[in-house]
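1. starting from these lines, generate the structure:
(chains A and B)
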There are 2 protein chains.
Amino acid sequence: MTAEIISVGTEILLGNIVNTNACYLAGQFAGLGLSSYYQTVVGDNMERLKSCIKTAMERSDIIILSGGLGPTKDDLTKEAVAEVVGLPLVEDARSRQRIADYFESTGRTPTENNWKQALVPKGSDVIDNDNGTAPGIAVHTEEGRHLFLLPGPPDELVPMFETSVIPMLRRLSEDVIVSVTAKICGPGESAVETEIRDMIDEQSNPTIAPYAKIGEVHLRITARAESEAQAQAMNRPVAEELMRRFGNNIYTFDEKETMEACLIHLLEEKQMTITAAESCTGGLLAARLVNVAGASSVFRQSAVTYSNEAKQKLLGVPEETLAAWGAVSRQTAEAMARGAAAAAGADVALSVTGIAGPDGGTKEKPVGLVYIGCFIRGHVEVMECHFRGNREKIREQTVIRALNMARINLLQEK
Amino acid sequence: MTAEIISVGTEILLGNIVNTNACYLAGQFAGLGLSSYYQTVVGDNMERLKSCIKTAMERSDIIILSGGLGPTKDDLTKEAVAEVVGLPLVEDARSRQRIADYFESTGRTPTENNWKQALVPKGSDVIDNDNGTAPGIAVHTEEGRHLFLLPGPPDELVPMFETSVIPMLRRLSEDVIVSVTAKICGPGESAVETEIRDMIDEQSNPTIAPYAKIGEVHLRITARAESEAQAQAMNRPVAEELMRRFGNNIYTFDEKETMEACLIHLLEEKQMTITAAESCTGGLLAARLVNVAGASSVFRQSAVTYSNEAKQKLLGVPEETLAAWGAVSRQTAEAMARGAAAAAGADVALSVTGIAGPDGGTKEKPVGLVYIGCFIRGHVEVMECHFRGNREKIREQTVIRALNMARINLLQEK
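-> From the prediction side, this is the model:
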């Protein structure tokens, strides 16, 4: 079966927002075994909207429309679909009640406009919206087309899609596609591609596809089969082969697992604590650790030491080290890591000092030069990195490489 | 004139990447006075691609195609355009030379495939690519349609668009559209909308449109005129009216100016230094300050104090304060701000303590409760905030409100 997306919204046409809904929905299609050949964006205009709906109905079985379900007269998606499929709009009693309840619970008063959101094409399925006032709608035509009208805000669309639309689509689809992603940190994109060139050349089902991320490469293995269990069984030997080739450089096979979560869980397992001392990353590294709910069991404090004075005062970096080698040096990174561990009484300490640019680079120490120190129970290792990109990219690459360095060193620790 | 975008790429249809090119191009259209009613995404498939190009040529004057210009046989954009407009592909000598030069400079050897990138529809304009091997192409048809074929990678597309395509489009377009954005932090989205309801109702040219951002509201004023100077003159009185209504809550009218840059520049002006003490934001606040190139003149150090022990040890928060009021309290926020200022010897200190969730909330102190302390030369103010959303959103709102609190308090300082 084929599915396509029509995103309705002038704000996308004006370039005010990025169309993340389409990306989310497209990713979901793949997992449901739906082929998708088109995506369209159109504004809140009756004629243009109708023409896009008609075109989509000529070429796809399933059409997901997002946006244009709001209470104002600009919102036309429901009206356009009703006209194209030739159904009148009627009030859905349950939706009206849910809108009344929603306003009561938030202490606000609905306006006459809001009741418009309870109108649906006659005979369609109404999909509850637990995060807003616009219900979703599923319209099934006699020609076997299935139109799903979903609200535009991602925090309404995504939960509605996962809770209600996926089960409806599963009933329509034949094949199941299951993906598993190996997340790799360490080797660069071209090194990863070279390493798996033979696997890519041989692939048909499952397929294997590399995606370059900041500081990481993700390899997505995707099998198509009649059942989820079958697809999973097809993916397994490919995943095992990747483990043989990349070993510890693969930090997870779980799409939702982040690098920082891996590290925090490893520390929990080993009952060890961690701290950080950051210069050019200015707190980003600590913020990533704290981003893991429950990080408090292994993370208590860290320092942002941007000036030389702060490095001396808070971390005890010797003035002579700074004078002899400079703030951006292997020696300073080592002293920062030792000082951070001592100050926090932590088992593990990561330190970062580098030149994120755009200014401050020299021939000997160019923009992108970063030293990462990793202290584990008395032993310090320092890694010299040369990153490319703007200030933000250099900082982000630094954070991911630092987290990974701690992870790898902890795995190797007896 | 009307313009539309056709994004070519299977990776967009599979949901592997977000279509940021379309957002970028759409935003550029607005500034060039081009109306845009459609965006399409299609895969690397000859028939489907040709059908999308034909449809676009029926309804728009200018068509920007991105992607599908690579060296492999999957890349079909050029071939599809050539067929639709009925022109043969011929080798462009200059492009061939540039490809040879590119490979020489990177020390790599071109393959036979790479020469395919030097083929262009006969009589078209070739646009240099300074960041890759695929040149851009402009095809002008007898019917007055203008097709621009651009490479897919954003770091090739964006510079090519800005350097070469914008001047070409300016020559095609009649009107100029100029926007100016008032960035507001403090009042919420509905409060801002209520305040400018009369201006929105009256608008035609310039228009005024609100955009909700995390912790901020942006108001974009847009005038359409024959010249840039005229459009700017039309925007000016609207901007002045917004200044009268929102005063200091407007932190900039510059689209590219961030909140943290405003604060850093204000501190530079006043020759004051700043530090931070963060609990739930875990370093995000400091990272935002350090994100401003040149922050080192006003920012030297800061502390992430996630545990109670760290708050006592690094900031001198009294044990009794923590015991009596808890870590998430007005009193702790005040003590943290004072302690941070003292520890860093800074003129200004921001402190943050709150419950970012998903766990840790109680009835008295629910998830989303955050106290922000702002110390300025001996005087501390504490703001109690109740944020909604997930952990990440709560942390982001906290950071922007904290930065804004320092900014507003500094402006009011004599």
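2. and the residue nearest to residue A:299 when sequence neighbours are not counted, what does it touch?
-> With Cβ to Cβ, 6 or more residues apart in numbering or on different chains as the criterion, residue A:299 has its nearest non-adjacent residue at 5.0 Å, and that residue is residue A:289. Bear in mind the C-beta positions are built from the backbone N, C-alpha and C, glycine included. By Cβ atoms under 8 Å, 6 or more residues apart in numbering or on different chains, the residues touching residue A:289 are A:260, A:263-264, A:274, A:276, A:295, A:299, A:302, A:403, B:282.
3. one more: residue A:65?
-> The contact partners of residue A:65, by Cβ under 8 Å, 6+ apart, come to A:5-8, A:53, A:77, A:81, A:147-150.
4. am I right that residue A:40 sits in a helix?
-> No - Residue A:40 sits outside any helix when classified using DSSP: H, G, I helix; E, B strand; the rest coil, being strand.
5. for it, list the residues it contacts.
-> Shown in contact with residue A:40 (Cβ under 8 Å, 6+ apart): A:4-7, A:52, A:55-56, B:38-41.
6. and with 6 Å instead?
-> A:6, A:52, B:40 (Cβ atoms under 6 Å, 6 or more residues apart in numbering or on different chains).
7. just residue A:262 next, same as before
-> A:251-252, A:407.
8. what comes up buried for stretch A:61-75?
-> A:61-71, A:75 (16 or more other Cβ atoms under 10 Å in any protein chain shown).
9. among these, list the two that are farthest apart in space.
-> A:61 and A:71 (30.6 Å; Cβ to Cβ).
10. of the contacts of residue A:262 - the most surrounded one?
-> Neighbour count (other Cβ atoms under 10 Å in any protein chain shown) singles out residue A:251 as the most crowded of the contacts of residue A:262, with 25 neighbours.
11. related to what we said a few turns ago, let's see which of the contacts of residue A:65 end up in helices.
-> A:53, A:77, A:81 (DSSP state H).
12. what score does the second one have for pLDDT?
-> We have a pLDDT of 96 for residue A:77.
13. how about the nearest residue to it, chain neighbours excluded?
-> Nearest one to residue A:77, counting by Cβ to Cβ, 6+ apart, is residue A:68 at 3.3 Å.
14. ends of stretch A:132-140, what's the gap?
-> 24 Å (Cα to Cα, to the nearest Å).
15. close to chain B, is it?
-> No - judged by Cβ under 6 Å from any Cβ of the partner chain, stretch A:132-140 makes no contact with chain B; its nearest approach is 13.3 Å.
16. roughly how far is that stretch from the heart of the chain?
-> 26 Å (Cα atoms, centre = their mean, to the nearest Å).
17. contacts for it?
-> Taking Cβ under 6 Å, 6+ apart as the rule, stretch A:132-140 contacts A:69, A:85, A:95, A:99, A:102, A:117, A:120-121, A:124-127, A:129, A:146-151, A:156, A:160.
18. now the buried members of those.
-> Here, 16+ other Cβ under 10 Å leaves A:69, A:85, A:95, A:99, A:102, A:117, A:120-121, A:124, A:126-127, A:129, A:146-151, A:156, A:160 buried among the contacts of stretch A:132-140.
19. restricted to helices, list those residues.
-> A:85, A:95, A:99, A:102, A:156, A:160.
20. and the stretch 201-350 of chain A, which residues reach chain B?
-> For the stretch 201-350 of chain A, the contact set with chain B under Cβ under 6 Å from any Cβ comprises A:282-284, A:286-287, A:290, A:293, A:296, A:299-302, A:304-307, A:310.
21. got a ChimeraX select line for the buried ones in the residues you listed?
-> In ChimeraX syntax, the buried subset of these is picked out as below (16+ other Cβ under 10 Å):
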select /A:282,283,284,286,287,290,299,300,301,302,304,305,306,307,310
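22. mind checking which of the residues of the stretch 201-350 of chain A next to chain B land in helices?
-> Short answer: these in helices (DSSP H) are A:284, A:286-287, A:290, A:310.
23. please enumerate the helices of the stretch 101-250 of chain A.
-> Under the criterion DSSP state H, counting those that start in this stretch, helices of the stretch 101-250 of chain A are mapped to A:154-160, A:166-172, A:189-202, A:228-246.
24. quick one: the first one near chain B?
-> No - applying Cβ under 6 Å from any Cβ, one finds helix A:154-160 separated from chain B by no less than 8.3 Å.
25. buried ones in that helix?
-> Residues A:156-158, A:160 are the ones in helix A:154-160 that count as buried (16+ other Cβ under 10 Å).
26. ok, so of the residues you listed, who is nearest residue A:12?
-> Nearest to residue A:12 among the buried residues of helix A:154-160 is residue A:157, at 13.4 Å by Cβ to Cβ.
27. was I right about that closest one contacting residue A:150?
-> Yes - in this structure residue A:157 lies within contact range of residue A:150 using Cβ atoms under 6 Å: 4.9 Å.
28. for the two, list the residues in contact with both.
-> The contact sets of residue A:157 and residue A:150 overlap at residue A:66 (Cβ under 6 Å, 6+ apart).
29. how about the stretch 101-250 of chain A: which residue is closest to chain B?
-> Proximity of the stretch 101-250 of chain A to chain B (Cβ to the nearest Cβ) peaks at residue A:211, 6.1 Å away.
30. return the backbone torsion pair for residue A:298.
-> As for residue A:298, its main-chain torsions (degrees, to the nearest 10) stand at phi -120, psi -10.
31. could you report the neighbour count for the closest residue to it other than its chain neighbours?
-> Ranked by Cβ to Cβ, 6+ apart and with sequence neighbours excluded, the top spatial neighbour of residue A:298 is residue A:267, at 4.2 Å. A count of nearby residues for residue A:267, using other Cβ under 10 Å, gives 23.
32. could you look up the SS state of residue A:267?
-> Under three-state DSSP, residue A:267 comes out as helix.
33. hmm, residue A:296 and it touching each other?
-> No - with contacts counted by Cβ under 6 Å, residue A:267 stays clear of residue A:296, the gap being 11.8 Å.
34. OK, contacts around residue A:118?
-> Here residue A:118 is in contact with A:91-92, A:95-96, A:99 (Cβ under 6 Å, 6+ apart).
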